[in-house]
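Q: Sequence first, then the predicted structure, then my questions.
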Amino acid sequence: MLKFILALCAGKCISAAIHILGPILHKNGTHLPGNIALKIDPLFLKHIGKPKTIVAVTGTNGKTTTNNLIIDALEKNGYKVLSNRYGSNVNSGIATALLQGVNLFNRSKFKLGVLEVDERSSLRVYKYVHPDYVVVTNLMRDSLMRNAHPQYIFDIIEQSLPDDCTMILNADDLLSNRLKLNNERVYYGIGHQPGDSAEARNLINDVQICPRCHSKLQYHVLRYNSIGRAVCPHCGLTSPEADVCTMDIDYENRVLTMKVSQAPVEFPMISDSTFNIYNETAAVALLDQLGLSHDKIAEAFSTMKVVRSRYREDKVRGIRILSTMTKGWIAPACSAVFDYVSKLPGEKELILYLEDPTDPIFYSELLAYTFETDFEFLNKDNIQRIIVIGKRARDFHLRMLLAGIPKERLAWTETIEGLKRYLKPKYGVDIHILYDLHQAIHYDQILTNVKEAIEEAKL
Ligand SMILES: [Zn+2]
């Protein structure tokens, strides 16, 4: 216990120091107190005081969005929520959040905690931080080097979770919805929609084989990657019916009609992308479990937007510059952004800076990701030009030629300054910047170059 007391005191002191020196230490602020506490007491997560009820949000894509929707809705309804939303989702980040949530007598000041948990941290977290509810968005291909195959991640989560937590699972993901089959479970999903098709739109679908008998699955709806509805012709396994189900999507009036319990309920549509409709449905399923009334959920959602920290819009001389950050190395996430941007109406020019910083050991993985991402979505007539930046720009250029994009629409440059040579700003043509998370440090430089190109252009 002495170790724990030392760890708690050290963590509290470091937290206080970071609070005072905030701007200087900002970068380490979310890891450091928890990291030090875990170094002093490796069982810190076991010993630290915790809220009575804990919700964990996990999955490959969408966990941050879902986590934020849940926390915002709860806070707007007066709940005091302990969370790691401004911090890290690995064990040291969770240790930091819990540490900051207790008083000096190790009593948690919160009744409810909502924690985003990185899938690979499951083994180190759930053993000591017992979740009452676990929301899983989906399990898909992530970085091959970090996460191997999604089935491997499935096994890690399966082994780590307790047998008595309530699972909130995506009915339309036949991998993640089979987690903890003997636990209480609530399925959420999207019901049949007019545009549904069984045709694969993506190159990648990691769930093609029946998780029960290993025969080939037949999909009758495929929305993106492995998200859809399937049946196994051999053993009869089918996608489960959703308990909380978005039945109708009214894009015009931005309303989702969901079946929650029995009666249909209308909720404001927070975002019109399919993956965010799944996230919103997941949030409703969880909030319903926590006992929040449908009216209160709808009211909270009415003032919310999907956290657009990864999106910004500028205008120079009447030309719109739309910037979106995407997660490199994660083909489904990057493909979803390509799909979304390519469907936006109007003429556009695209600037892509998607490679990871240039550490050569990552090169083989970068190539794998390049060929698994659906660059085919960018082969649209209203995408007038695509300029790719980076040391690996020629690889991306080749990939886009293989996607069938006419070569006269493509340009590449190794340096950010080089993009001015190729950018042709025109009235009525939006400029989209899509950049990798790891290139966020270069984003300002890209934006400055784009703005200068517009200023200097003869319009
Ligand atoms: Zn089967």
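A: Received, thanks. Predicted model, so just to flag it, every value in this text is computed and none were measured.
Q: Kindly confirm whether my reading is correct that residue 172 touches residue 224.
A: No: with contact defined as C-beta atoms under 8 Å, residue 172 and residue 224 do not form a contacting pair (10.0 Å). C-beta: built from backbone N, CA, C; applies to glycine.
Q: Looking at these two, which is more packed in?
A: The neighbour count for residue 172 versus residue 224, taken as other C-beta atoms under 10 Å, is higher for residue 172 (27 against 23).
Q: isn't there a strand covering residue 322?
A: Yes: assigned with DSSP: H, G, I helix; E, B strand; the rest coil, residue 322 falls within a strand.
Q: What score does it have for pLDDT?
A: On pLDDT, residue 322 comes in at 94.
Q: before we move on, what about residue 256?
A: 97.
Q: State the three-state secondary structure for it.
A: strand.
Q: Enumerate every residue touching it.
A: Neighbouring residues of residue 256 by C-beta atoms under 8 Å, 6 or more residues apart in numbering: 246, 248-250, 266-269, 277, 280-281.
Q: Does residue 106 touch residue 46 like I think?
A: No: taking C-beta under 8 Å as the definition, residue 106 is not a contact partner of residue 46, at 11.9 Å.
Q: Averaged pLDDT, the one helix or strand residue 168 maps to. What do you get?
A: If you go by DSSP states H and E, residue 168 is part of strand 166-170. If you average the pLDDT over strand 166-170, you get 98.
Q: how close does the closest residue to residue 75 other than its chain neighbours get to residue 108?
A: Beyond its immediate neighbours in the sequence, the residue positioned closest to residue 75 (C-beta to C-beta, 6 or more residues apart in numbering) is residue 81, lying 5.9 Å away. In this structure, residue 81 and residue 108 are 12 Å apart, going by C-beta to C-beta, to the nearest Å.
Q: Same drill for the two, tell me which one is more crowded.
A: Neighbours around residue 81 and residue 108, counted as other C-beta under 10 Å, are more numerous at residue 81. The numbers are 20 against 17.
Q: Touching, that one and residue 109? I think so.
A: No: counting by C-beta under 8 Å, residue 81 does not reach residue 109; the two are 11.2 Å apart.
Q: Tell me how many other residues crowd residue 458.
A: The number of residues near residue 458, taken as other C-beta under 10 Å, comes to 4.
Q: what does the stretch 151-300 of the chain put close to the ion?
A: Residues of the stretch 151-300 of the chain lying close to the ion by C-beta under 5 Å from the ion are 210, 212-213, 215, 232, 234-235, 237.
Q: quick one: least confident of these?
A: pLDDT is lowest at residue 212 among those; the value there is 93.
Q: how much space between the closest residue to it other than its chain neighbours and residue 230?
A: With sequence-adjacent residues excluded and distances taken as C-beta to C-beta, 6+ apart, residue 212 is closest to residue 237, at 4.9 Å. Summarising the geometry, the distance separating residue 237 from residue 230, computed by C-beta to C-beta, is 8 Å.
Q: next one: residue 179
A: 17 Å.
Q: What is the neighbour count of the residue in the stretch 251-400 of the chain positioned nearest to the ion?
A: Of the residues in the stretch 251-400 of the chain, the one nearest the ion is residue 332, at a distance of 23.6 Å by C-beta to the ion. Residues near residue 332, counting by other C-beta under 10 Å, number 26.
Q: Touching, it and residue 137? I think so.
A: No: Residue 332 lies out of contact with residue 137 (C-beta under 8 Å); the separation is 11.5 Å.
Q: For these two, list the residues in contact with both.
A: Between them, residue 332 and residue 137 share the neighbouring residues 60-61, with contact defined by C-beta under 8 Å, 6+ apart.
Q: which stretches of the stretch 351-459 of the chain aren't confidently modelled?
A: Applying pLDDT under 70 to the stretch 351-459 of the chain flags the ranges 356-364.
Q: what ranges do the strands span in it?
A: Ranges of strands within the stretch 351-459 of the chain are 383-389, 410-413, 429-436, based on DSSP state E, counting those that start in this stretch.
Q: and the angle for the longest one with strand 383-389?
A: Orientation note: strand 429-436 sits at an angle of 30 degrees relative to strand 383-389 (axes from the mean of the first three to the mean of the last three C-alpha atoms, to 10 degrees).
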